[in-house]
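Visitor: can you look at this prediction? I've put the sequence above it.
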Amino acid sequence: MTDDFEAAVAAVPSLTRDPGTQVKLALYALYKQATEGDVHGKRPGFADFVGKSKYDAWARLRGISPEEARADYVAKVAELQEAERG
């Protein structure tokens, strides 16, 4: 992992504004793609709404390299930090 990526991961809990569900799912998916690569395992069932949403967000990134996912994660966190500064 790169230092920028690790710093971005560490910065997320300190964000004070809730970025919303879609942004959180995007960050989750980028993190998983960056650290584990393409989605694996079975898609959660109908009743597991959160698990299914997370799986689907990650699956949409299939084929993106871990390096690209790390860069996108860092950029998204930087946008969120900039929005907080106003």
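Guide: Now that the structure is in, tell me what you want to look at.
Visitor: show me the contact partners of stretch 76-86.
Guide: Stretch 76-86 is contacted by residues 8, 11-12, 15-17, 19, 23, 26-27, 30 when judged by Cβ atoms under 8 Å, 6 or more residues apart in numbering. Heads up, the C-betas are built off the backbone N, CA and C, glycines and all.
Visitor: number of residues surrounding residue 36?
Guide: By other Cβ atoms under 10 Å, 12 other residues sit near residue 36.
Visitor: cool, and residue 7?
Guide: Residue 7 has 11 nearby residues by other Cβ under 10 Å.
Visitor: and the furthest pair within the contacts of stretch 76-86?
Guide: 16 and 30 (20.8 Å; Cβ to Cβ).
Visitor: quick one: contacts for the residue nearest to residue 63 when sequence neighbours are not counted?
Guide: Spatial nearest neighbour of residue 63, excluding adjacent residues (Cβ to Cβ, 6 or more residues apart in numbering): residue 38 at 7.0 Å. Residues in contact with residue 38 (Cβ under 8 Å, 6+ apart) are 61-63.
Visitor: swap the cut-off to 10 Å and go again
Guide: 32, 58-59, 61-64, 66 (Cβ atoms under 10 Å, 6 or more residues apart in numbering).
Visitor: adding pLDDT, secondary structure and distance to residue 48, write those residues out as a markdown table.
Guide: Below are the contacts of residue 38 laid out as a markdown table (pLDDT from 0 to 100; DSSP: H, G, I helix; E, B strand; the rest coil; distance: Cβ to Cβ, whole Å):
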| residue | pLDDT | secondary structure | distance to residue 48 |
| --- | --- | --- | --- |
| 32 | 98 | helix | 16 |
| 58 | 98 | helix | 14 |
| 59 | 98 | helix | 15 |
| 61 | 98 | coil | 20 |
| 62 | 98 | coil | 20 |
| 63 | 97 | coil | 25 |
| 64 | 98 | coil | 24 |
| 66 | 97 | helix | 26 |
